[in-house]
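Q: coords please:
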Amino acid sequence: MREVAFLRKNADKWKEFESLLKDKSQDDPDKLADLYIELSADLAYAQANYPGSKTEEYLNQLSVAVHDEIYRSKKEETNRLITFWTRELPGLFATKQKELLYSFIVFTVAIGIGVLSSMNDPSFVRYIMGDAYVNMTISNIDRGDPLAVYKEAEEMNMFFAITVNNVRVSFYAFASGLLTSLGVGMVLLNNGVMVGAFIHFFAKYGLVAEALRVIFIHGTLELSAIVIAGAAGFVVGNGFLFPGTRSRKHSFIKAGREGLKMIIGLVPVFVAAGLLESFVTRYTEMPIWLSLFIILSSLAFILWYFVYLPITLKKKQ
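A: Model prediction:
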């Protein structure tokens, strides 16, 4: 069938669909579902016979609109908040494991770059971390308390400042997806290089094991949040660069919603990391078994909730 004949045959039906979507007072989920089935069939036909045409683009956009209306017209369950954390968010992460892996790889490579740069250029640490921090830490090392910086601020003030900063960094990683995936890569690179320089700085004084044991009490959650926020940024960037069968606009909007949900899912992680850094990390002389317990428990939670649970739910579905 020629495209013109296909349009003439179905034009009235598609106009009816548009009218139904505009008239919110007559929303009928069952009727919308029937329309969605018909539209899907028409879209499949157009994709097979008129690929890349205006007809295919129009049907694709109309199908998306009907699909979104179906889910908007569903009554919200009373346990919506619970299902968001137990089903919706893990279900979303089940489809974003590739972006998580990419973010982890970029961040890990960036840490390696930070370490190597510090090894080859003694001034690199000061350039990245600032003279004030480096001089203060050297002074603390000379006094025999290299991580005294975590003991100086008042707990609650420290908690709010750290939590706000964590939110800012993670949201920045997410928002950088608006500049495509390259923007996300630069944010991950910047933070990873900083971590690498920090590690080498303490390694130079033979304190890397002690520093990591203390810092990773909160750092396990904090650095994991950066990686996950980077994945959210990649989702947004890829939604614009690779729209697939959707229009670029609809793909970008959908990716933005998904990325924002991923950032919302990090809120408990931000809070937990802030609490640990403000109230627990300052006890630098706690037993090593307790430090390792907190670190491994934090790591186990991240791997379970953001990797294992999503994959398990996906297999069940």
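Q: In the protein, spot the helix with the most residues.
A: helix 208-241 (DSSP state H).
Q: For that one, which residues meet the burial criterion?
A: Neighbour-count burial for helix 208-241, with 16 or more other Cβ atoms under 10 Å as criterion, is recorded at 210-240. (Each C-beta comes from the backbone N, C-alpha and C, glycine too.)
Q: Quick check: mean pLDDT of the next helix or strand after that helix?
A: Downstream of helix 208-241, the next assigned helix or strand under DSSP states H and E is helix 248-264. The average pLDDT for helix 248-264 rounds to 87.
Q: Next, residue 140: phi, psi?
A: Phi and psi for residue 140, reported as degrees, to the nearest 10, are phi -70, psi -40.
Q: so who does it touch?
A: Residue 140 sits next to 146-149 when contact means Cβ atoms under 8 Å, 6 or more residues apart in numbering.
Q: Just the buried ones out of those residues, please.
A: For those, buried by 16+ other Cβ under 10 Å: 146-148.
Q: any chance of these in a markdown table, with secondary structure too?
A: Output for these, formatted as a markdown table (DSSP: H, G, I helix; E, B strand; the rest coil):
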| residue | secondary structure |
| --- | --- |
| 146 | coil |
| 147 | coil |
| 148 | coil |
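Q: Closest one to residue 110 out of those, please.
A: residue 147 (23.2 Å; Cβ to Cβ).
Q: Please report the distance of that closest one from residue 196.
A: Going from residue 147 to residue 196 by Cβ to Cβ, to the nearest Å gives 18 Å.
Q: try residue 4
A: 61 Å.
Q: The two: who's more crowded?
A: residue 196 (25 against 9; other Cβ atoms under 10 Å).
Q: pretty sure the more buried one contacts residue 111?
A: Yes - contact criterion Cβ atoms under 8 Å: residue 196 and residue 111 qualify, at 4.2 Å.
Q: which stretches of the stretch 1-150 of the chain have low pLDDT?
A: Scanning the stretch 1-150 of the chain for pLDDT under 70 picks out the ranges 23-36, 67, 69-79.
Q: That one: helices as residue ranges?
A: 3-22, 29-49, 54-72, 80-83, 89-94, 97-120, 124-129, 131-142, 149-152 (DSSP state H, counting those that start in this stretch).
Q: follow-up on the earlier one: can you report the mean pLDDT over the residues of the longest helix of the chain?
A: Average pLDDT, helix 208-241: 90.
Q: now that helix and helix 248-264, what's the angle there?
A: 160 degrees (axes from the mean of the first three to the mean of the last three Cα atoms, to 10 degrees).
Q: and the angle from helix 208-241 to helix 97-120?
A: With the same axes, to 10 degrees defining the directions, helix 208-241 sits at 130 degrees from helix 97-120.
Q: The residue nearest to residue 243 when sequence neighbours are not counted: what's it in contact with?
A: Nearest non-adjacent residue to residue 243, counting by Cβ to Cβ, 6 or more residues apart in numbering: residue 251, 3.5 Å away. Residues in contact with residue 251 (Cβ under 8 Å, 6+ apart) are 239-240, 242-244.
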